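1. How does the following fold in three dimensions:
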Amino acid sequence: MPHIVIYSPRLSRETKVACAKAVTQAFEATTGHSADLLTIHFEEHSYDNVAVGGKLLTDAFPELAAKEKRFREQP
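-> Modelled structure (predicted):
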């Protein structure tokens, strides 16, 4: 059974639906295999869990810190 892992920052449900559809279509088109058993796993991470150049993304990029704050404030 084919399995694709998408490692990304947090995504809205609508974005995940669109991404899953696009990845499934690309899988079928490029491999010639049916996607009936294709599993797509979204592995989301906090911007606080990634560092580049010795700095957390939330420290290096204020716009990402603002996104992280909005996610944390959601119920």
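
2. Pull up the distance across stretch 5-13, start to finish.
-> Start and end residues of stretch 5-13 are separated by 16 Å (CA to CA, to the nearest Å).

3. Can you mark which positions in it are buried?
-> residue 10 (16 or more other CB atoms under 10 Å). All C-beta spots, glycine's among them, are computed from the backbone N, C-alpha and C.

4. which non-adjacent residue is nearest residue 44?
-> Sequence neighbours aside, residue 10 is the residue nearest to residue 44 in space, at 4.8 Å (criterion: CB to CB, 6 or more residues apart in numbering).

5. so what does whichever strand or helix holds residue 70 touch, helix or strand wise?
-> Secondary structure assignment for residue 70, by DSSP states H and E: helix 62-73. Secondary-structure packing of helix 62-73 (3 or more CB pairs under 8 Å, 6 or more residues apart in numbering; DSSP states H and E): helix 57-60.

6. before we move on, the earlier item: in contact with the residue nearest to residue 44, which residues are there?
-> Neighbouring residues of residue 10 by CB atoms under 8 Å, 6 or more residues apart in numbering: 44, 45, 46, 67, 71.

7. Isn't the fourth one up against residue 47?
-> Put plainly, it is residue 67. Yes. With contact defined as CB atoms under 8 Å, residue 67 counts as touching residue 47 (6.7 Å).

8. Determine the set of other helices and strands touching the helix of greatest length in the chain.
-> Longest helix in the chain by number of residues (criterion: DSSP state H): helix 13-31. Counting contacts by 3+ CB pairs under 8 Å, 6+ apart, helix 13-31 is packed against strand 3-9, strand 39-45.

9. Centre of the chain to the edge, which residue is at the far end?
-> residue 32 (24.7 Å; CA atoms, centre = their mean).

10. count of neighbours near the residue nearest to residue 16 when sequence neighbours are not counted?
-> Leaving aside its sequence neighbours, residue 16 sits nearest to residue 42 (CB to CB, 6+ apart; 5.7 Å). Applying other CB atoms under 10 Å, we find 15 residues neighbouring residue 42.
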